[in-house]
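Peer 1: For reference, the sequence and a predicted model appear below.
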Amino acid sequence: MPFPESHIVTIIIAHRGLDETYPENTITAFKAALEKGMAIEIDVRGTKDDELIVLHDDTVDRTTDGEGRVAQMTLAEVKALDAGSWWGEEFTGERIPTLMETFDAVKKYGTKETTLIIEMKTLDPGSISKICDGLAERGLLGSTVGIGLIHLSVDVRRRFYGGSPDFQCASVANTAAELPGAIADPYASWIYVRYLMSPEDVKAAHDGDMKVIASGPDVMENLDNMVLSAEAGADTIMAYTPDALATRLA
């Protein structure tokens, strides 16, 4: 039985890049996913000297050869670390990317209408203008969506809207009961959905001029539910196993 048209347009989001094969949140992992026609999800936080880098944890301990809290390190100290050898010897010398380096990779290798999901882990001084200006300079505002601290706070969404009304924020729906409030959010154009949506839920979001990121443990960790999300018409699907999902949706 052929897939409905929604399968053709559903964009797969590779969580932290193609991290099943490459060290997470590195340019190598991002490039691999983008070249396969996927979007990428990245984690953004600030250093001691207010530079923006891409790293999930609040310390460098797990994914580098160093240790320490990012908020207490300068960019130069972060850049001196090896962020690849923990995953495999062939990735020795891989570095933690800055956010702007990541924007450059998305600009160079991204092909989809939506190519970048930014999960804000911290909100440091000047970061909103840096992000909005950096995206605008590369023509990426229309293909980027903000989550993390952004989906958790209407005030943060309002502040990003002030940084650029073209920056796309996501509200959040953890359950179907939260969906109407997420649709009504005045500063969001996307909904970060953390439950398995029905086709009726997706239609309600689309009727409210909102796009959908299908996510949450019940979706990201369950290949069958990711396929059901595509069948329901989700615009994008966050995946821990993006290659396997791509195979199922082919």
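Peer 2: Perfect, I can see it now.

Peer 1: can you give me the strands in the protein?
Peer 2: Under the criterion DSSP state E, the chain contains strands at 11-15, 39-46, 52-54, 116-120, 144-148, 168-173, 190-193, 211-214, 236-239.

Peer 1: In its sheet, which strands sit next to the fifth one, and in what direction?
Peer 2: Sheet neighbours of strand 144-148, with direction, are listed as strand 116-120 (parallel), strand 168-173 (parallel) (DSSP bridges).

Peer 1: what about those strands, which gets the closest to Y187?
Peer 2: Set against Y187 and scored by Cβ to Cβ, those come closest in strand 168-173, at 5.5 Å. The C-beta positions use only the backbone N, C-alpha and C, and glycine is treated the same way.

Peer 1: Show residues contacting that closest one.
Peer 2: Residues outside strand 168-173 that contact it (Cβ atoms under 8 Å, 6 or more residues apart in numbering): 141-142, 144-147, 150-152, 154, 157, 160-161, 178-179, 181-183, 185, 187-195, 210, 213.

Peer 1: Name the residues of stretch 161-177 that are buried.
Peer 2: Residues of stretch 161-177 classed as buried: Y161, G163, S164, F167, Q168, C169, A170, S171, V172, A173 (neighbour count, 16 or more other Cβ atoms under 10 Å).

Peer 1: which one among the residues you listed gets closest to H206?
Peer 2: Relative to H206, the closest of these is A173; by Cβ to Cβ it sits at 13.7 Å.

Peer 1: lowest average confidence, helix or strand, in this structure?
Peer 2: helix 5-9 (a mean of 47; mean pLDDT, DSSP states H and E).

Peer 1: re the thing from before, out of the contacts of strand 168-173, which sit inside helices?
Peer 2: Cross-referencing these against helices under DSSP state H gives I150, H151, L152, V154, R157, F160, Y161, L179, G181, A182, I183.

Peer 1: Filter those down to the buried ones, PyMOL style.
Peer 2: Those of the ones in helices among the contacts of strand 168-173 that count as buried under 16+ other Cβ under 10 Å are selected in PyMOL with:
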select buried, resi 150+151+157+160+161+179+182+183
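
Peer 1: Relative to A234, which of the ones in helices among the contacts of strand 168-173 is nearest.
Peer 2: Nearest to A234 among the ones in helices among the contacts of strand 168-173: L179, at 13.0 Å, using Cβ to Cβ.

Peer 1: so what's that closest one up against?
Peer 2: Applying Cβ under 8 Å, 6+ apart, the residues contacting L179 are A173, I191, V193, D201, A204, A205.

Peer 1: Could you tell me which of the residues you listed count as buried?
Peer 2: A173, I191, V193, D201, A204, A205.

Peer 1: Can I get the residues you listed in TSV including distance to E90 and pLDDT?
Peer 2: Listed next are those as TSV, based on distance: Cβ to Cβ, whole Å; pLDDT from 0 to 100:
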residue	distance to E90	pLDDT
A173	41	98
I191	39	98
V193	37	98
D201	43	98
A204	47	98
A205	42	98
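
Peer 1: biggest separation within those residues, which pair?
Peer 2: Greatest spatial distance among those (Cβ to Cβ): V193 and A204, at 11.2 Å.

Peer 1: on that earlier part again, out of the contacts of L179, which comes closest to W86?
Peer 2: Looking across the contacts of L179 and measuring by Cβ to Cβ, the closest to W86 is V193, at 32.3 Å.
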